[in-house]
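Asks: Can you look at this prediction? I've put the sequence above it.
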Protein chains: 2
Amino acid sequence: MEQIIYVVPFLGILGLIVMAVKSAWVNKQPTGDEKMVELAGYIARGAMAFLKAEWKVLFYFVVIAAIILAWSGTLVENSSPVIAASFVLGAFLSAFAGYIGMNIATKANVRTTQAAKSGLARALKVSFSGGTVMGLGVAGLAVLGMGSLFIVFYHIYVVSAGGDVNGLDMERALEVLAGFSLGAESIALFARVGGGIYTKAADVGADLVGKVEAGIPEDDVRNPATIADNVGDNVGDVAGMGADLFGSYVATILASMVLGREIVSDDQMGGIAPILLPLVIAGLGVVFSIIGTLFVKISKETDSVQAALNKGNWISILLTVAASYFVIDFMLPEGDLVMIRDNSPVFTKMGVFGAVLIGLVVGALMSIITEYYTAMGKRPVNSIIKQSSTGHATNIIGGLSIGMESTVLPILVLAAGIYGSFLSAGLYGVAIAAAGMMATTAMQLAIDAFGPIADNAGGIAEMSGCDKEVRERTDILDAVGNTTAATGKGFAIASAALTALALFAAYVGIAGIDSIDIYKADVLAGLFVGAMIPFIFSSLAIAAVGRAAMDMVNEVRRQFKEIPGIMEYKATPEYDKCVHISTSASIREMIAPGALALLVPIIVGFAFGPEVLGGVLAGVTVSGVLMGIFQNNAGGAWDNAKKSFEKGVEIDGKMEYKGSEAHKASVTGDTVGDPFKDTSGPSMNILIKLTSIVSLIIAPHIAEVAPNEMGEKNDDRKEIKMESVQEELVLLRQEVKAQEAEK
Amino acid sequence: MEQIIYVVPFLGILGLIVMAVKSAWVNKQPTGDEKMVELAGYIARGAMAFLKAEWKVLFYFVVIAAIILAWSGTLVENSSPVIAASFVLGAFLSAFAGYIGMNIATKANVRTTQAAKSGLARALKVSFSGGTVMGLGVAGLAVLGMGSLFIVFYHIYVVSAGGDVNGLDMERALEVLAGFSLGAESIALFARVGGGIYTKAADVGADLVGKVEAGIPEDDVRNPATIADNVGDNVGDVAGMGADLFGSYVATILASMVLGREIVSDDQMGGIAPILLPLVIAGLGVVFSIIGTLFVKISKETDSVQAALNKGNWISILLTVAASYFVIDFMLPEGDLVMIRDNSPVFTKMGVFGAVLIGLVVGALMSIITEYYTAMGKRPVNSIIKQSSTGHATNIIGGLSIGMESTVLPILVLAAGIYGSFLSAGLYGVAIAAAGMMATTAMQLAIDAFGPIADNAGGIAEMSGCDKEVRERTDILDAVGNTTAATGKGFAIASAALTALALFAAYVGIAGIDSIDIYKADVLAGLFVGAMIPFIFSSLAIAAVGRAAMDMVNEVRRQFKEIPGIMEYKATPEYDKCVHISTSASIREMIAPGALALLVPIIVGFAFGPEVLGGVLAGVTVSGVLMGIFQNNAGGAWDNAKKSFEKGVEIDGKMEYKGSEAHKASVTGDTVGDPFKDTSGPSMNILIKLTSIVSLIIAPHIAEVAPNEMGEKNDDRKEIKMESVQEELVLLRQEVKAQEAEK
């Protein structure tokens, strides 16, 4: 059984090899004419400039955090200074995954434009290959990194110490491995928030002056902010998303491993199999994602791109499910299993497989619900269109109302999923459900990442003055990309919720508490504070976009005024100034929300102890999931309500088109929705996972520190604690009996 | 001690007598010219028509609910069919409180207009007298109703049964009394939601066609929706708020009484004093509110109205605090107190007084924070003004961001308040903190209700063509009213949060569970579902306003088109048609959100048992408080950002006035904010209390039903009820003492 451990890293390496082959193929594709190459160069350099600026800040963060981790690792028995190395590696690989994605995206974009000249099938092939490179890069690095590190820590802490695979030595190995996840998820947060601010500041700024004030089309080469806008697609939707999914993937695997340690079979501990299982499933997911990508192709111009993507996706998923069945059957022990928790149900290995299925069903339902709420032609988007006819305000009211409504079904599905996977295989089941959902991350990400590549390709086509049919083809891909982006977000928030719960459960185990009782006043106060965090986080992110967009507006206005000849194509706008504004604004503004997510659990944990922190975690998770769904779906619905006007919509029997008052109202909704759906909304899933991971990391510390810190407070309370009442009761009963006996 | 019980109803009667005197005085004031009387007549009839339509629906609801309650009261030992009578009385008094408020408001409005002709001081006197009638009516009925019912039930269930005042007989008496609170709070929810939909549908509808399309001023007599708009002020801001505060007041007292039963002093049960205390404090609050109202007056035209209100308010509060000190000192037992809960701290009677103080400090801080976030000239409103200069979208982004940000400080204050009052006097302290805050409800409501009266008076002045200075004077009162409305909402949400927690604690006691552990998967799923309720509730309420406003817009457009001569004052618009639209829309649309609040706890409680319902309650409370603060403050800030343009605002060195593009953007924000701050936002505090009360009512049922339904699971959960342990403890102590004495 143990030998399987050595197979996992090779599955990661396999993914990376296929990635390298695909990447070389994309690089070999023709890049088109000089103008296209020039524009692509601007975008690539702008994106690189952002990454460098971001990395500089993150470098300091990683160094400081690593020093603190190394120091704190010496303080408690079940951690180690090695956690710092684990953290640095996680942070590095997360940043590297973002880099791989962005590098291929800034190469695939112009090559997709060129490919679109010869047909839709070819354009899909190039853009999807770009996406595949990113997907395999992220998943490959995650599997390789987690797999190898686990081998190392397993040998250091368990094998060489002669420890028990289910004992405290393994707990220590996994606690140190958690550093990897912390590194990955912290970088993910900064990349997602920074990238999200960048892309929306540029987008909103470019639109407000370019489209609205100057009356030039989107992606017009005369707009000084247009390069920044296209860079934004890469740093937000590609690099940000890459780091995000890398973090999610790693966190999910970690949570399952930590809980897997606690499984007990009939007459012995569960062995290493439940700990290894999530790594193996992830490795298999990489292999079957590779197979799935082979089916994503169309042969005719009229073939459905969405259908091709769906086919590839389902093939990956079904193969992974089938393989999981055999792997679970082979690896896990026979008979009854149970977790070392006082509330664990008894389950069997088929219960674990059931949890995988539940995870997939939850993920699929979340995607379907998200699509319903954000797709054109359905009731939600239509209601926003209708409410656009009475003005900006009713459009906004409509979108907010739809966004809030759209939380109902996902929450019911999620609640059923939590409960169902718990009944199937206890808390391990909840974690495995998330791991099942995330197994085909490589495929999922390939589908997600091809969208922004196509979007960029369309921008380059517009700016370089390609034929209309080129833009039409990239627009087809872009439209499919918008749908996959929305459903991908529904999927992401569901997996994040399950992962956060699994991490939460892992935290409870390590923090040494056996319940999180919200009926206690301090825990309830923690729940309130935790639930507030997603609100202030969203507020900071949204306000940052607003501020950065206003800087951008002023810069574009200045260039139009001060550089004569821009509008007549005689002068080139200073693209780099706009790129610089977005870059510096996003770097500056990502600090506060990032610090919030990292520091709140630490402060609460040390000041108020592990159970109050548990309350905070529950609050962050519940409120974060709700705010994430609300913002993602409201933003998506507003976006598609606006897009519907391009083809014309019927309101009260009258057709309304682009340029009508109703359309203008719909543009307002779309602009409000931009930071919702691309900055704060998708950050919610990182926020909830990061606070959980930070808590997991500090759990051994607060478990030891808390009793001392809480000192007096606890003494006070204990006086007439239930135990003492009961003790007195017992004593009194004895006394009464004794006295009766005397008589 | 027990004799104090008979004093309480008389304090309520005292309040009602003063109310009758004030009411007679208002009625004697001159009503002005014929035109004014005619317009006031339209408003009064429209308001009455709404109340009648609402009552008709609520009548059926009350009858059906009463039958169910009567039937269910026969099923378990610690309830009784009498709960149905209690429920009907609560519902009736709540509706009656709303009626009193609306009746006086529709009389005081035109008399205030007339009084404003002779000066601001006189206008304040008439409008504030109107508010006082309402405040004393609500508080007087609540104190009289609760006080008398408690006497009756105390005699039926405790005295005549020879029961222990701290035993299960008293639990039964209080459980039956909870029916009164259920009746009051259900009516409050329907009145608040229905009234909120009415007023905003009329307001938004009147503005969109009248101000924006036809270009006529607000409250112009030519606008067919203007009467509906003015009716809305009465049915939403007066009748809705009256029922709301009646419900809150009653719920707070009830929660404190239920928890008071569980107090144990050093060597005996706590006696009846802790149960009576909240009733006594409420009664004193009525008396000191009457005294406070005497200080609300100005002598010169230039005196500050706000200062006069503050003076009266603080006098009421400080007198109540001082009296509470003596009452607590006199009533509560000496020495250490503790609640029969396994996590109660030990406290003294001064700790109870400390909790009263904490409640008042929390209330004051909430008001200050709310004012900061919604007042003109402060950073939040200024930031929205600045963001209006770049358009509708940035105005909305700004408001949403401010609304989310504004949750931070209130939540921290609330968390500290929960923890502080808990440390002071356990869960009883949390309830008493809320009771302290609510004690001067009569005064608070007088201050709140004078605003809409002044608003209406201004409308009548405008419509009847009074001199400009009349309108200016009513505008001064209206502006103060806007501030008091905003701070009142901050206060209301804080008191609701504390009350909900106290009810939550009371529920836990009666449901027979000893923890609500969110680390259990089903409880956590419940937390998710509960937290989602405020989102769907808000969505329903907001969408209802949007739909009803569109109906109103179409009707106004139709009248302008089909009735010639309206614009030339030659034809009278069909006001009653608009009144009818608002009435029927609000009645129709209040059903779904109301049913949601009532049914969810019942379904969850019976299907999943008491602990999962506890998770749902915590979710509703936390998320409801956040959504309430978010929506109230965003709405208030948008409103005042718009109002700032009336005097002119400086944006980037340029002055912007009414009619500018920036002003138009601010109008969009205000319109979005309308349903936020007047429909869904203020409903949140009723929602969280109502779900808690419903749970409290069904607690004995699910506590008994659950073990059968849930079967095995609950066998595990210990059935050791605290009461029996505590009772046995007391008996054993006595026995030991007796035996020792024998020796």
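Replies: Arrived safely.
Asks: The one residue in the stretch 1-150 of chain A that gets nearest to chain B and A:Ala607: what is the separation?
Replies: Nearest to chain B, among the residues of the stretch 1-150 of chain A, is A:Asn78, at 20.3 Å (CB to the nearest CB). Every C-beta, even on glycine, is put in place using the N, C-alpha and C of the backbone. The gap separating A:Asn78 from A:Ala607 is 22 Å, by CB to CB, to the nearest Å.
Asks: Between the two, tell me which one has more neighbours.
Replies: Taking A:Asn78 and A:Ala607 together and counting by other CB atoms under 10 Å in any protein chain shown, A:Asn78 has the greater number of neighbours (19 against 13).
Asks: Would you agree the more buried one falls within a strand?
Replies: No: under DSSP: H, G, I helix; E, B strand; the rest coil, A:Asn78 falls outside any strand and is assigned coil.
Asks: Which residue ranges of chain A form strands?
Replies: Counting by DSSP state E, chain A has these strands, from start to end: A:263-265, A:268-269, A:337-339, A:649-651, A:654-656.
Asks: For the stretch 201-350 of chain A, give me the ranges with low pLDDT.
Replies: A:266-270, A:341-342 (pLDDT under 70).
Asks: so where's the stretch 451-600 of chain A uncertain?
Replies: Those would be none, if you go by pLDDT under 70 across the stretch 451-600 of chain A.
Asks: again, 80 this time
Replies: Scanning the stretch 451-600 of chain A for pLDDT under 80 picks out A:483, A:486, A:491, A:509, A:512, A:514-515.
Asks: interface residues of it facing chain B?
Replies: A:501, A:504-505, A:508, A:515-522, A:524-529, A:531-532, A:535-536, A:538-540, A:542-543, A:545-546, A:549-550, A:553 (CB under 8 Å from any CB of the partner chain).
Asks: again with the stretch 301-450 of chain A
Replies: Counting by CB under 8 Å from any CB, the stretch 301-450 of chain A sits next to chain B at A:343, A:387, A:390-394, A:396-398, A:400-405, A:407-408, A:411-412, A:414-416, A:418-419, A:422-423, A:427, A:430.
Asks: and the residue of the stretch 201-350 of chain A found nearest chain B, what does it touch?
Replies: Of all residues in the stretch 201-350 of chain A, the one sitting closest to chain B is A:Asn343 (5.5 Å; CB to the nearest CB). By CB atoms under 8 Å, 6 or more residues apart in numbering or on different chains, the contact list for A:Asn343 reads B:517, B:519-520.
Asks: residue contacts, the closest residue in space to A:Ile516 that isn't next to it in sequence?
Replies: Closest residue to A:Ile516 apart from its sequence neighbours, by CB to CB, 6 or more residues apart in numbering or on different chains: A:Gly614 at 3.6 Å. Neighbouring residues of A:Gly614 by CB under 8 Å, 6+ apart: A:504, A:507-508, A:511, A:513, A:516, A:523, A:526, B:518-519.
Asks: distance of A:Gly614 from A:Asp522?
Replies: Distance of A:Gly614 to A:Asp522, given as CB to CB: 11 Å.
Asks: do the same with A:Ile253
Replies: Distance from A:Ile253 to A:Asp522, by CB to CB: 33 Å.
Asks: More neighbours: which of the two?
Replies: A:Ile253 (30 against 21).
Asks: how many neighbours does A:Glu562 have?
Replies: 9.
Asks: Okay, it and A:Val556: tell me how far apart.
Replies: On the measure of CB to CB, A:Glu562 and A:Val556 end up 11 Å apart.
Asks: next one: A:Pro217
Replies: Taken as CB to CB, the span from A:Pro217 to A:Val556 is 15 Å.
Asks: Equivalent analysis for A:Tyr42, please.
Replies: 16 Å.
Asks: same thing with A:Asp514?
Replies: 58 Å.
Asks: Show me which of the two is the more surrounded one.
Replies: Per other CB under 10 Å, whichever of A:Asp514 and A:Val556 has more neighbours is A:Val556, with 26 against 14.
Asks: I figured that one hits A:Ile227, correct?
Replies: No: counting by CB atoms under 8 Å, A:Val556 stays clear of A:Ile227, with 11.7 Å between them.
Asks: Tell me how many other residues crowd the nearest residue to A:Gly636 once chain neighbours are set aside.
Replies: Residue nearest to A:Gly636 in three dimensions, not counting chain neighbours: A:Thr374, with 3.3 Å by CB to CB, 6+ apart. Around A:Thr374 there are 32 other residues, counting by other CB under 10 Å.
Asks: A:Thr374 touches A:Ala634, doesn't it?
Replies: No: with contact defined as CB under 8 Å, A:Thr374 does not reach A:Ala634; the gap is 9.1 Å.
Asks: number of nearby residues for the residue in the stretch 51-200 of chain A that chain B sits nearest to?
Replies: Minimum separation of the stretch 51-200 of chain A from chain B (CB to the nearest CB) falls at A:Lys200, amounting to 10.1 Å. A:Lys200 is flanked by 30 other residues according to other CB under 10 Å.
Asks: Likewise for A:Lys52?
Replies: Neighbours of A:Lys52 (other CB under 10 Å): 10.
Asks: What ranges does the stretch 401-550 of chain A have for its helices?
Replies: Taking DSSP state H, counting those that start in this stretch as the criterion, the stretch 401-550 of chain A contains helices spanning A:408-438, A:441-463, A:468-511, A:521-562.
Asks: tell me the most buried of those helices?
Replies: helix A:441-463 (a mean of 30; mean count of other CB atoms under 10 Å in any protein chain shown).
Asks: Show me what that one is packed against.
Replies: Applying 3 or more CB pairs under 8 Å, 6 or more residues apart in numbering or on different chains; DSSP states H and E, one finds that helix A:441-463 contacts helix A:34-73, helix A:82-116, helix A:120-153, helix A:226-232, helix A:241-260, helix A:273-293, helix A:305-331, helix A:468-511.
Asks: Which one of the ones you listed lies nearest to B:Asn382?
Replies: Each of those was scored for nearness to B:Asn382 using CB to CB, and the closest is helix A:226-232 (28.3 Å).
Asks: neighbour-wise, which of the contacts of A:Asn343 leads?
Replies: Within these, most neighbours by other CB under 10 Å means B:Tyr519, with 26 neighbours.
Asks: show me the contacts for the residue nearest to that one when sequence neighbours are not counted.
Replies: Excluding the flanking residues, the one nearest B:Tyr519 by CB to CB, 6+ apart is A:Ile516, at 4.6 Å. Going by CB under 8 Å, 6+ apart, A:Ile516 touches A:508, A:523, A:611, A:614-615, A:618, B:517-519.
Asks: All set now, cheers.
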